[in-house]
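# next comes the sequence, and after it the predicted model I'd like to discuss.
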Amino acid sequence: MTVNVTVTGAAGQIGYALLFRIASGQLLGPDTPVRLRLLEISPAVKAAEGTAMELNDSAFPLLEGIDVTDDAKRAFDGTNVALLVGARPRTKGMERGDLLEANGGIFKPQGEAINAGAASDVRVLVVGNPANTNALIAKSHAPDVPAERFTAMTRLDHNRAIAQLSKRLDAAVADVKKMTIWGNHSATQYPDIFHAEVAGQNAAQAVNDADWLRDTFIPTVAKRGAAIIEARGASSAASAASAAIDHVHTWVHGTSEGDWTSMAVVSDGSYGVPEGLVSSFPVVCKDGKWEIVQGLEINQFSRDRIDASVRELEEEREAVRQLGLV
Ligand code: NAD
Ligand code: LMR
């Protein structure tokens, strides 16, 4: 059956890297035809139409059609997978409250449009920053959609953490399992290797270097987004698109036996994260559903860092509450 996939911010840099991979079957698999809905703001519709022309020119066998629109209702009508990439970036002189308010102006109507018209199995991934709180806003305006269908992306952080750890231990990326990102997709996030395994061995024991963990690994992963912006003069795009593909593919097709992934999902209170916050957890996916991995022992080092990131999420929630957005 054809799956409707909506991508917002379709004319942006992540959109350009993402759309061709969706159309080629990498999001949902080689047997699933897709119909793309590209949502943009009016001034960028022409650019999105250009991307649609290129998608057509690629003659992807799985691509059944493309609609380009600046109307959120149309874009989300009947959608099965919604990738919310378009967001308002922070510009000079903008305070955090201004940023949250500007994004509220995007994610509130998009949540309403998803509530009004999306398919009953809709899955939502928010990529646009601040991703966790944008997901919270969208979810708050879609009361008829089960809360577990709203997620935000920390898979890029998860992949970055795997890459850094495998480099340090001179191990294959495929040998790293059970990596965890906790908290916010921001510099306060906590990449946790205490439960990770490398070729079957506990990763923290294999590293056996508390200074490297605290002073190199954690800040390198948590500040990687800023380092990419500094190096490229633009924020990560292809790696972000790749992580979005991974996130949805894993959600739909499941985690491998003996492994898990990281997703920012609506907290049920697990690990002391206040209920309702959209926070990153270790999750397993099966039969198209995610579940938070339970029963992990959290040491004091980890506890302090999880709490710090969760505090930031609570502050963001309070700020959007005061703006009447949740
Ligand atoms: P970009 O500026 O190149 O593109 C954003 C696009 O969104 C623009 O074309 C813009 O016109 C569009 N847009 C703005 N408001 C919209 C709306 N209301 N509806 C539809 N489209 C709208 O940015 P990008 O590099 O593609 O990044 C997109 C977002 O993803 C940014 O917020 C960025 O910070 C974030 N990001 C998140 C992660 C993550 O790991 N969660 C990683 C990288 C980037
Ligand atoms: C990233 O992690 O690369 C991005 O979230 C950075 C950004 O601010 O866009």
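Nice, thanks for sending it over. Numbering: from 1, shown residues only. Ligands and ions are numbered 1, 2, ... in the order given.
# and the longest strand along the chain with ligand 2, contact?
Using DSSP state E to define each element, the chain has its longest strand at strand 278-286. No - using CB under 6 Å from any ligand atom, strand 278-286 never reaches ligand 2; the gap is at least 12.5 Å. Backbone N, C-alpha and C define where each C-beta goes, glycine included.
# OK, now which residue of the chain is nearest to ligand 2?
G225 (2.7 Å; CB to the nearest ligand atom).
# helix, strand, or coil at that residue?
Following DSSP: H, G, I helix; E, B strand; the rest coil, G225 is assigned to helix.
# returning to that earlier point: can you list the buried residues in the longest strand of the chain?
V278, S279, S280, F281, P282, V283, V284, C285 (16 or more other CB atoms under 10 Å).
# closest to Q322 out of these?
V278 (17.8 Å; CB to CB).
# OK, contacts around the closest one?
Each residue near V278 by CB atoms under 8 Å, 6 or more residues apart in numbering is listed here: 132-133, 135-136, 139, 150-152, 264-267, 313.
# could you export these as a markdown table, including neighbour count, pLDDT and secondary structure?
Shown next, in a markdown table, are the contacts of V278 (neighbours: other CB atoms under 10 Å; pLDDT from 0 to 100; DSSP: H, G, I helix; E, B strand; the rest coil):
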| residue | neighbour count | pLDDT | secondary structure |
| --- | --- | --- | --- |
| N132 | 28 | 98 | helix |
| T133 | 30 | 97 | helix |
| A135 | 27 | 98 | helix |
| L136 | 29 | 98 | helix |
| K139 | 27 | 98 | helix |
| F150 | 28 | 98 | strand |
| T151 | 26 | 99 | strand |
| A152 | 31 | 98 | strand |
| A264 | 32 | 99 | strand |
| V265 | 25 | 99 | strand |
| V266 | 19 | 98 | strand |
| S267 | 20 | 98 | coil |
| L313 | 25 | 97 | helix |
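# quick check, nearest of these to ligand 1?
For the contacts of V278, the nearest to ligand 1 is A152 (6.8 Å; CB to the nearest ligand atom).
# just the closest of the buried residues of strand 278-286 to A210, please.
Distances from A210 to those, taken by CB to CB, are shortest for P282, at 21.7 Å.
# how many residues are close by the residue of the chain closest to ligand 2?
21 (other CB atoms under 10 Å).
# doesn't R232 make contact with it?
No - with contact defined as CB atoms under 8 Å, G225 and R232 do not form a contacting pair (10.8 Å).
# check whether the helix or strand where R317 lies contacts ligand 1.
If you go by DSSP states H and E, R317 is part of helix 300-322. No - using CB under 6 Å from any ligand atom, helix 300-322 stays clear of ligand 1, with a minimum separation of 14.0 Å.
# now stretch 32-51
Yes - Stretch 32-51 is in contact with ligand 1 by CB under 6 Å from any ligand atom, via L39, E40, I41, A44.
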